[in-house]
Every structure is written in structure tokens, then in C-alpha cells.
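[1] below is the sequence, then the predicted model.
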Amino acid sequence: MVGAKLITGPSTSLRLAQQRSGLSSATMNPPFYQLSCCGPAPCASCCHSRWPPLRESTGSRLFYILLHMGTSAVCCLLLSQTVVEKVWGKGHGIQMPSGLCVHLFGNSDCPVLTGSGAVYRVCAGTATFHLLQAVLLVHLHSPTNPRAQLHNSFWLLKLLLLLSLCAVAFCIPDEHLFPVWHYIGIGGGFTFILLQLILITAFAHSWDKSWERGAAHHCGWFTAVLLATLGFYSMAGVGAALLFRHYTHPAGCLLNKTLLSLHLCFCGLLSFLSMAPCIRLKQTRSGLLQASIISCYIMYLTFSALSSRPPDRVILQGQNHTLCLPGLRNVEPQTPDSSLAVLSAGIMYACVLFACNEASYLAEVFGPLWIIKVYSYEFQKPSLCFCCPKTVEPEEGPRARAVRPSDQETAAARAQHLSYSYSAFHFVFFLASLYIMVTLTNWFSYEEAELEKTFTGGSWATFWVKVASCWACVLLYLGLLLASRLGS
């Protein structure tokens, strides 16, 4: 009617806020969300006036990341001998009823609530939680599909489901859990390492491809390529010098010296091949930028491996010395410096989150064969957003301008597609849960795993796994360089 006033209630205001922030429309009524706290709408309505608006899928991704960080922190606490003694130790802390422990676990002191067994059970519940969602969300390509609410909504129910899965895992006896779940964890951990290596090499390849295209036509991009290349090579060089300084000793550490020298030779070989005329003949965009990124990553993997190995013990001038780790250069007893190991663990977890998010985005952009297509993607123009390529680039010319859709139509079409693959997102988090599980429990030697020993004492199993991952990165990048040459 003419002259009628528009009355906006809480639900209308929420709907308008969702439209302004780019949120997809919910299939359930907002009052249901507000009463049950099962979806992202309460968070959007509470934080809209205080924080910049987030897309629904972005908010969901942040929630899942925080959830994974929380479960990883719980695993660390359950694996820590210090925490176990303070919480479950005799004479203080929390004591479980012995009758309940005997009824549930067949032992009066509830051993499954601590140690590697507890980590295996928490990660079993987390991995199953993400695997279920990955299966339920497969072949989902539109945020308006009702199945998308399984990813973006029902947060309280999903939290209860996760806790229930973990509780069920704690009721499984050791003899039924470890023989099967241990090998599943090893397989999933190695798969995640390979996926992470593919993403790192693709990241370096895309960066070099994008900026080298701009450097061929504009001196500004050439300067950016030069500065980035020098920066990464400088970090790799400084890292190698620090590793020789802190992880080697004139009286020992032969393995560390050999490994560092070998990996420096790998970096030099990859850099030489990246600029070799026979390689650049087939890959005109190949250059030192990607080689510098890979060299820096090789030095990180070397650092991570060396910080995870047990120290060497030698006799010098009649005294027992512990070598090959920072802080262990004096006469025993000594306290090893765990700061570098904690730094390595922090970088490792940052790489885990990068892999989970980047893999889900590339899976939506390129489809099931994204692992192959991401290497063959050609940038139409250089961009700072080199890790987020677009599948379709508009052509230039009058005809392209005639058929190019309007901004409103483009925005509407973009709203009908997922910004990342929900199924791939959960599947990679499933692999990440297994990777965190086997990493905290020293891979193959999980029986006596402790958090303090993982960070300071190290284990040979973890050391060789990380060394093997470094060599796999070298082989993967070497294959990428030689693929076009061998195919010609």
C-alpha cells in the first residue's frame, strides 16, 4: 500500500544483515537458530555490530579450525606426564572411582585416560567426526543446498556428536583399538605429508608463474621477484648457518653434519636446474623464485628433523657430554632447550592449517583432479593473490565485453557456488587428525610416548619420517622440473 511503513523485527534485521555481508540464505527460520544455538546465525547477530561481517562459510571454517586446535591441545594435555601427575596423581587432583574404572576398562586406575592411548582415542573421535561429514557432503556445489547446513549449522548437535564419538572411543579396549587404528593413523599421516608437500610445491610454482609473467613486461614485478628470491635464499642460508651452529659439534654429530651438507647440495641442484637452459626451453616461467621457496622449506624440514632426534652422548676428557641439540653442550645432568622444538611444532601446525584450507579451495576450483590441474594453470596477468587462482579468466576485446555479464549477475552467480569444497575440507581435516595423532605419539614407537620427550628427547622414528618427507619434497620438485623435458 502507498504510504505504508516497513516494520523490521529481529528476524528481518538479521536477514538484511546476512544479505549485506554476503551470507547465504538459511533454510531454517532465524528464531530456531536463536533458541537452539545450532547454527551460525546467533554468532552473526551478536557480533555483527562489533566485528566486520563474515560470510557463513568463512565463519564455519574458523569454527572448525578452533575446534581442531582445541582437540589438539587436549591431546597434548593428556600426553603430558606433568599434567597427568598433577591431575591424576595419588594424593592430589582428580581421582576416578576405582569401581567405575574396573567396570569400564578392567583396571582400577583408568590407564586409558592418559598417555598415547588417550591421544589415540581423542583423535579417533575427531577423525571419525570429520570423515562422516566428508562423506555426507560429497558432490555438494551450492550453498543453497539443504546439505550445506550440515557444514554451516547445528553447532551444538555437532559438538555433542564429537564428544559422543570420543566417549565411545574411550570404551574400546586397547587390544581392539591399537592393532587397527595404529596402521590407519600411519597411512593417514603419510598421506597428509604427501598432500602437504604437493601444496607447498604448487604454492611455489604458482607464485613463480604469476610474478614471472609480470616481470617479463614490467620492471616493478621484476623487482618484486628479485627481492622475494633474495629474501628466501637469505632465510635458507641463515637457517643453514644456525643449524650448523646449534646442531653440530666438532667432537660428534656426524649424522647431522652429513644431513645438512646433503640438503644444501639438494638446494644448489634444484636452483641450478631451475635456471638450466634445457629446462627453461620447455618451462619459460621457471626461475629461481620457486627454487628459493623450496630451499627455504627444505631447511625448515631439516630443522624439524634435527630437533626431533635423540641427542648423541660422547666421552670428552673423561666427562660424559650430550651433544647435537641446543642447550646440551655441558657436562650432564643438563636441561635441554625446548624453545626451538616448540617453535618447530608451531610452524608444523601452521602448515597443517594451511594445507587443510588450501586443499579445500583448490578442490572446489579445479575439481577432483586439482592435484594435476593446479600445476598446469596459466595466469592471464600477475597477481598478489597467486595462491587463489580463478578457473575462468574473461577474454579481452569487443566481443568479450559484449558477452561479459554485469556485476550484479556475476555476484549472483558467485553466490550460488561454494567458496571452498566442504567435503574436501573435512577429508583433509580427517587426515590432519591422524597426522597430529601419530606425530604426538612418535609414529611407530607410541607405547612410551610423552609430550615432554617428544619436544626435548626426540625419537628416531620421528626423525627419519621427517627426513624422508624432506627427500620426498626434493623428488617432487625435481619431477616437476623434469616432467616437461622428459615428455618432449
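    Received the coordinates, thanks.
[2] contact partners for Tyr446?
    By C-beta atoms under 8 Å, 6 or more residues apart in numbering, the contact list for Tyr446 reads Ser116, Tyr120, His182, Val438. All C-beta spots, glycine's among them, are computed from the backbone N, C-alpha and C.
[3] what about the last one, how many residues nearby?
    By that I understand Val438. Val438 has 27 neighbours, counted by other C-beta atoms under 10 Å.
[4] does it touch Gly185 like I think?
    Yes - using C-beta atoms under 8 Å, Val438 makes contact with Gly185 at a distance of 4.7 Å.
[5] tell me where the longest helix sits in the chain.
    helix 174-215 (DSSP state H).
[6] report the rounded mean pLDDT for the following helix or strand past that one.
    Following helix 174-215 in sequence order, the next helix or strand is helix 219-247 (DSSP states H and E). Throughout helix 219-247, pLDDT has a mean value of 90.
[7] could you list the buried residues of helix 219-247?
    221, 224-225, 228-229, 232-233, 235-236, 239-240, 243, 246-247 (16 or more other C-beta atoms under 10 Å).
[8] likewise for stretch 367-374?
    Buried, per 16+ other C-beta under 10 Å, within stretch 367-374: Trp370, Ile371, Val374.
[9] the closest residue to the second one other than its chain neighbours: neighbour count?
    What sits nearest to Ile371 in space, not counting adjacent residues and going by C-beta to C-beta, 6 or more residues apart in numbering, is Ile198, at 5.8 Å. The burial metric for Ile198, expressed as a neighbour count using other C-beta under 10 Å, is 22.
[10] where along the chain do the strands fall?
    In the chain, the strands defined using DSSP state E lie at 312-316, 319-323.
[11] could you tell me the least trusted of those strands?
    strand 319-323 (a mean of 65).
[12] circling back: closest to Glu450 out of the buried residues of stretch 367-374?
    Closest approach to Glu450 among those (C-beta to C-beta): Ile371, at 36.5 Å.
[13] Ala359 versus that closest one, what's the distance?
    Using C-beta to C-beta, to the nearest Å, one obtains 9 Å as the distance from Ile371 to Ala359.
[14] can you check Thr248 too?
    If you go by C-beta to C-beta, the gap between Thr248 and Ala359 works out to 36 Å.
[15] who has more neighbours, these two?
    Neighbour count, other C-beta under 10 Å: between Thr248 and Ala359, Ala359 has more, with 27 against 19.
[16] excluding chain neighbours, what is closest to that one?
    Nearest residue to Ala359, sequence neighbours excluded (C-beta to C-beta, 6+ apart): Val428, at 4.7 Å.
[17] need the per-residue pLDDT for that neighbour.
    pLDDT, Val428: 93.
[18] my read is that it contacts Leu195, right?
    Yes - using C-beta under 8 Å, Val428 is in contact with Leu195, at 6.9 Å.
[19] burial check on the closest residue to Cys470 other than its chain neighbours, number of neighbours?
    Distance criterion C-beta to C-beta, 6+ apart; nearest residue to Cys470, sequence neighbours excluded, is Leu301 at 3.9 Å. Using other C-beta under 10 Å, Leu301 has 23 neighbouring residues.
[20] and Leu301, how far from Leu197?
    9 Å.
[21] common neighbours of the two, please.
    Ser469, Cys473.
[22] which residue is the nearest non-sequential neighbour of Ala118?
    Residue nearest to Ala118 in three dimensions, not counting chain neighbours: Leu78, with 4.0 Å by C-beta to C-beta, 6+ apart.
[23] can you tell me how far that neighbour is from Ile184?
    Using C-beta to C-beta, one obtains 20 Å as the distance from Leu78 to Ile184.
[24] for the stretch 251-400 of the chain, just list every one of the helices.
    254-275, 277-280, 288-306, 339-366, 370-376, 398-403 (DSSP state H, counting those that start in this stretch).
[25] which parts of the longest one are buried?
    This means helix 339-366. Counting neighbours by 16+ other C-beta under 10 Å, helix 339-366 gives 340-341, 344-345, 348-349, 351-352, 355-366 as buried.
[26] helices or strands next to it in the packing?
    Applying 3 or more C-beta pairs under 8 Å, 6 or more residues apart in numbering; DSSP states H and E, one finds that helix 339-366 contacts helix 56-79, helix 174-215, helix 288-306, helix 370-376, helix 422-440.
[27] how about a cut-off of 10 Å?
    Judged by 3 or more C-beta pairs under 10 Å, 6 or more residues apart in numbering; DSSP states H and E, helix 339-366 is in contact with helix 56-79, helix 174-215, helix 219-247, helix 288-306, helix 370-376, helix 422-440.
[28] quick one: closest of those helices to Ala134.
    helix 422-440 (3.9 Å).
[29] poorly predicted segments of the stretch 51-200 of the chain, please.
    The stretch 51-200 of the chain contains residues with pLDDT under 70 at 51-54, 87-113.
[30] my bad, should have said the stretch 301-450 of the chain
    314-323, 327-338, 340-341, 378-416.
[31] and Thr71, how many neighbours?
    Close neighbours of Thr71, defined as other C-beta under 10 Å, add up to 20.
[32] how far away is the residue nearest to Cys470 from His141?
    36 Å.
[33] ok, back up a step: would you mind giving the helices and strands packed on helix 339-366 as a markdown table with distance to Leu259 added?
    Output for those, formatted as a markdown table (distance: least, C-beta to C-beta, whole Å):
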| stretch | distance to Leu259 |
| --- | --- |
| helix 56-79 | 27 |
| helix 174-215 | 18 |
| helix 219-247 | 9 |
| helix 288-306 | 7 |
| helix 370-376 | 29 |
| helix 422-440 | 20 |
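[34] now the nearest residue to Ser271 once chain neighbours are set aside: how far from Gly268?
    Spatial nearest neighbour of Ser271, chain neighbours left out: Ala291 (4.4 Å); criterion: C-beta to C-beta, 6+ apart. Distance of Ala291 to Gly268, computed by C-beta to C-beta: 10 Å.
[35] give me the more crowded residue out of those two.
    It is Ala291, of Ala291 and Gly268, that has more neighbours when counted by other C-beta under 10 Å, with 27 against 12.
[36] that one and Cys267 touch, don't they?
    Yes - Ala291 is within contact range of Cys267, at 7.8 Å (criterion: C-beta atoms under 10 Å).
[37] common neighbours of these two, please.
    Contact criterion C-beta atoms under 10 Å, 6 or more residues apart in numbering; residues shared by Ala291 and Cys267: Tyr233, Ala236.
[38] with just CA atoms, put stretch 117-137 into CSV.
    Extracted in CSV, the C-alpha atoms of stretch 117-137 (Å, rounded to 0.1, in the frame of the first residue of the first chain):
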residue,chain,number,x,y,z
GLY,A,117,46.0,-44.4,24.4
ALA,A,118,44.1,-41.3,25.3
VAL,A,119,45.6,-39.4,22.3
TYR,A,120,44.6,-42.3,20.0
ARG,A,121,41.0,-42.2,21.3
VAL,A,122,40.5,-38.4,21.1
CYS,A,123,41.9,-38.4,17.6
ALA,A,124,39.8,-41.4,16.7
GLY,A,125,36.7,-39.4,17.6
THR,A,126,37.9,-36.3,15.8
ALA,A,127,38.8,-38.2,12.7
THR,A,128,35.5,-40.1,12.6
PHE,A,129,33.7,-36.8,13.0
HIS,A,130,35.3,-35.2,10.0
LEU,A,131,35.1,-38.3,7.9
LEU,A,132,31.4,-38.6,8.4
GLN,A,133,30.9,-35.0,7.3
ALA,A,134,33.2,-35.5,4.3
VAL,A,135,31.0,-38.4,3.2
LEU,A,136,27.7,-36.6,3.7
LEU,A,137,28.9,-33.5,1.9
